[in-house]
Every structure is written in structure tokens, then in C-alpha cells.
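> Dropping the sequence and predicted coords here.
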Amino acid sequence: MKHIFSSLFSVLMIPFICAGYAAAAEFKLVEKTIPIEEAVAGSVLARDVLDSQGRMLYSKNTEITEVLLVQLKNFVQYRVISKTIAILEKNPDASEQPSI
């Protein structure tokens, strides 16, 4: 019975996985380091955000929200983290269309 659910899950997930690859193939993401003051909601973290002791506060691939922006700015103000973060953005040089 366990294998039936596993196989069913795999079959049902194939269209979603393929759709994800197609969407990701439309553009390439590049890492960019910016001052936290320039970060905007909707951006995605390219690297983990660590405090001054090396503890992880936010993991990479986390979407930046308005609340997270306020938290990051507060951490900078109290010198808990550095003044810059790495985000992912679309590669402006990726002009060629992928072949799928």
C-alpha cells in the first residue's frame, strides 16, 4: 500500500515539477549584494543571514517581506548583522530564450 501512494504522489507531482523547471528556465538568477536600506519586499535572500555570533537568523531562499525588512533594519541598527545582504535577481544579460 505504501508503494501505491508513493507512485501516485510521483505521478501527480510530475506536472508541477516540469512547470517549475520551465519557469526557472525563462531567466537566470544572479546573486547581488546590496545595502539593506535598498532591499525591497518580494526579493529573495541568496544567502543565509547570520548574526555577529554566526547564528542563522534567516535562511537563503527566504522571500523578503515588509516585516522582515523592518527586522533586518533593526538588526543593522543594533549591530547584530552587517549592513549588506545578498539577494537573487534576474540576470539583466540573459537575453537568449531557453529551448525546452
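Received the coordinates, thanks.
> Moving C-terminal from the helix or strand hosting Lys32, which element do we reach first?
Using DSSP states H and E, Lys32 maps to strand 29-35. Following strand 29-35 in sequence order, the next helix or strand is strand 44-45 (DSSP H and E).
> now the strands for the protein?
Applying DSSP state E to the chain gives strands spanning 29-35, 44-45, 49-50, 56-58, 84-90.
> Point out where the chain drops to low pLDDT.
1-27, 93-100 (pLDDT under 70).
> Make TSV out of the strands of the chain and add distance to Lys73.
Placement of C-beta: from N, CA and C, glycine included. Converted to TSV, the strands of the chain look like this (distance: least, CB to CB, whole Å):
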stretch	distance to Lys73
strand 29-35	10
strand 44-45	15
strand 49-50	12
strand 56-58	13
strand 84-90	11
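> Adding mean neighbour count and distance to Gln71, write those out as JSON lines.
Below are those laid out as JSON lines (neighbours: other CB atoms under 10 Å; distance: least, CB to CB, whole Å):
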{"stretch": "strand 29-35", "mean neighbour count": "13", "distance to Gln71": "16"}
{"stretch": "strand 44-45", "mean neighbour count": "18", "distance to Gln71": "12"}
{"stretch": "strand 49-50", "mean neighbour count": "18", "distance to Gln71": "10"}
{"stretch": "strand 56-58", "mean neighbour count": "14", "distance to Gln71": "8"}
{"stretch": "strand 84-90", "mean neighbour count": "16", "distance to Gln71": "12"}
